[in-house]
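> Dropping a prediction and its sequence here:
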Amino acid sequence: EAEVAQSPRYKITEKSQAVAFWCDPISGHATLYWYRQILGQGPELLVQFQDESVVDDSQLPKDRFSAERLKGVDSTLKIQPAELGDSAMYLCASTHGGARDEQFFGPGTRLTVL
Amino acid sequence: GNSVTQMEGPVTLSEEAFLTINCTYTATGYPSLFWYVQYPGEGLQLLLKATKADDKGSNKGFEATYRKETTSFHLEKGSVQVSDSAVYFCALFTGANSKLTFGKGITLSVRP
């Protein structure tokens, strides 16, 4: 069964360092999402891609966060510099067609900033 | 704006007990409603969904009915199992902003 892949699964870093997370969506899925899930909360959308284009990044803190999906397949989310408040689970999801379709989630990357 | 409110948790039940997890929503337009489940160490999985008023979503013994008059989408299961222990998220989608809005989630623990 096809799955969304994410790496690393866990990341510990010190504040002011740079971190990067990678996501490989299900093959053929044009729409890709990055979410942040703070402990005890539901996921919140950071950025949505349609193929290689950003559709929505209104909730992405652009002073320190960046996201790219250069060839419209896999994607990278970067934080530079990391802050203590960035500690959270970062989830990637993908859908085959439009936003109304079921979103398939990866296992997430748990980030701890010390 | 859109919002989803879930009952406070955690919830602890004995095996074979009846489960109800409350979910209410506020949305513009006509949202689609979802329940996602997150098992320990895994990503979210779609459990069930309903796309219009009075629709009932069902899967793995879980059910939820889209109630427009009470803006609710409560999750129920007649007899829970230990394997149902997980975090459950209610969510909505509207075409107005084309994004999923999640509730805070509730942790369910089922003891043998």
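Received the coordinates, thanks.
> Excluding sequence neighbours, find me the nearest residue to the residue in chain B that chain A sits nearest to.
In chain B, the residue that lies nearest chain A is B:Phe102 (3.0 Å; Cβ to the nearest Cβ). For glycine as for every other residue, the C-beta is placed from the backbone atoms N, C-alpha and C. Take B:Phe102 and drop its neighbours on the chain: the residue closest to it by Cβ to Cβ, 6 or more residues apart in numbering or on different chains is A:Gly42, 3.0 Å away.
> how many neighbours does that neighbour have?
Counted with other Cβ atoms under 10 Å in any protein chain shown, residues neighbouring A:Gly42 total 22.
> Could you list the low-confidence segments of chain A?
For chain A, the stretches flagged by pLDDT under 70 are A:1, A:97-101.
> Spell out which residues of it are next to chain B.
Residues of chain A lying near chain B by Cβ under 8 Å from any Cβ of the partner chain: A:4, A:40-45, A:48, A:55-56, A:91, A:93, A:99-100, A:102-103, A:105-108.
> And the strands in chain B, which stretches?
Here chain B has its strands, by DSSP state E, at B:3-6, B:11-14, B:19-21, B:23-26, B:32-38, B:44-50, B:56-59, B:62-65, B:75-77, B:86-94, B:99-102, B:106-111.
> what inclination does the fifth one have with respect to strand B:44-50?
Counting by axes from the mean of the first three to the mean of the last three Cα atoms, to 10 degrees, strand B:32-38 lies at 150 degrees to strand B:44-50.
> Using the three-state scheme, assign the residue of chain A found nearest chain B.
Closest to chain B within chain A is A:Gly42: 3.0 Å, counting by Cβ to the nearest Cβ. Here A:Gly42 is recorded as coil under DSSP: H, G, I helix; E, B strand; the rest coil.
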